[in-house]
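Novice: coordinates only, sequence not included:
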């Protein structure tokens, strides 16, 4: 009778341990899914194909992501674009002026 009791108790313990392991694994998977969804949302905010940045073939929302969060960047980035365009135009004028003298 004792052997039956010990055998049944051992089986019950094994089932309890399996159930506990399954619940633990499910909790881990759930946490990983939550983390993955958070990471995916950040990546999605950074790489929404709306704004073209540098390469016209590669669309990215990186500028929009940062400018939506900082008012100074919101003003700075468009002005940087204007500054770079003017520098390019100025360099072209200097190069055009230097060529006839060369």
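Specialist: Looks like it arrived, so ask away. The shown structure was predicted, so the numbers you read here are calculated from the model rather than taken from an experiment.
Novice: how does this structure divide up, domain by domain?
Specialist: Per automatic domain parsing, the structural domains of the chain span 1-46, 48-102.
Novice: where among those is average confidence lowest?
Specialist: Sorting the domains of the chain by mean pLDDT places domain 48-102 lowest, at a mean of 67.
Novice: what number of residues lie near residue 43?
Specialist: Neighbours of residue 43 under the rule other Cβ atoms under 10 Å: 10. (Each C-beta comes from the backbone N, C-alpha and C, glycine too.)
Novice: and it, how far is that from residue 88?
Specialist: 32 Å (Cβ to Cβ, to the nearest Å).
Novice: do residue 94 as well
Specialist: Between residue 94 and residue 88 the computed distance is 11 Å (Cβ to Cβ).
Novice: got it, and residue 11?
Specialist: Distance of residue 11 to residue 88, given as Cβ to Cβ: 79 Å.
Novice: likewise for residue 98?
Specialist: Remark: distance between residue 98 and residue 88 (Cβ to Cβ) = 16 Å.
Novice: can you map out the strands along the chain?
Specialist: Counting by DSSP state E, the chain has no strands to list.
Novice: where along it do the helices fall?
Specialist: Along the chain, the segments classed as helices by DSSP state H run 2-46, 62-67, 71-101.
Novice: winner for burial among these?
Specialist: helix 62-67 (a mean of 16; mean count of other Cβ atoms under 10 Å).
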